[in-house]
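what's the 3D shape of this:
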Amino acid sequence: MDIPALFDRYEWGYETVDAGIWRSSFADEQDEEFDLYVAAGEDWLHFAVTPLTPSPALECREKLTLLLLRLNQTVRLVRFAIDDDGDVMLLADVPIADLSFTLFAATLDALIHYTRELGSVLARTATDPRFEFSVS
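The predicted model follows:
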């Protein structure tokens, strides 16, 4: 599958970072900019918005982790994860064998939607020990 052609059809700018890895960016309503990476594996196309939040404060890590676990039960097509450095990521994976423009666009739409909907809440949870947010 020609991933650059999918980006072009989606009318989305990107740069090639390395063979099989592309980087793009987008902003939320507060003009906070987020990096989006797409990487082609052998069988899967991997998507990542990273980092999704500022580095979590030590006193906020447990609350942030619990919130991410609860959110993972409510989001569709994507999932939240924390890497070894403590960075929060929003991830999605689609099988290359089933990849179509429709699936590629739906995955980007989901990543953008959840980033815009939850990015500022997660950033506050990561940095403000007094901030409370509940998943409904």
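
flag every buried residue along the longest helix seen in the chain.
Counting residues, the longest helix in the chain under DSSP state H turns out to be helix 101-127. Under the neighbour-count criterion of 16 or more other C-beta atoms under 10 Å, helix 101-127 has 104, 107-108, 110-112, 114-116, 118-119, 122-127 buried. (C-beta placed from N, C-alpha, C; glycine too.)

cool, stretch 74-90 as well?
For stretch 74-90, the neighbour count (16+ other C-beta under 10 Å) marks Val75, Leu77, Val78, Arg79, Phe80, Ile82, Asp87, Val88, Met89, Leu90 as buried.

which residue, neighbours along the chain excluded, lies closest to the third one?
Going back to what we said before, that points to Val78. Of all residues beyond its chain neighbours, the one nearest Val78 is Ala92 (4.6 Å), with distances taken as C-beta to C-beta, 6 or more residues apart in numbering.

coming back round to it: which other helices and strands contact the longest helix of the chain?
Applying 3 or more C-beta pairs under 8 Å, 6 or more residues apart in numbering; DSSP states H and E, one finds that helix 101-127 contacts helix 3-10, strand 33-40, strand 44-49, helix 61-72, strand 88-95.

what number of residues lie near Leu58?
When neighbours are defined as other C-beta atoms under 10 Å, Leu58 has 9 of them.

for it, give me the pLDDT.
Reported pLDDT at Leu58 in the predicted model: 95.
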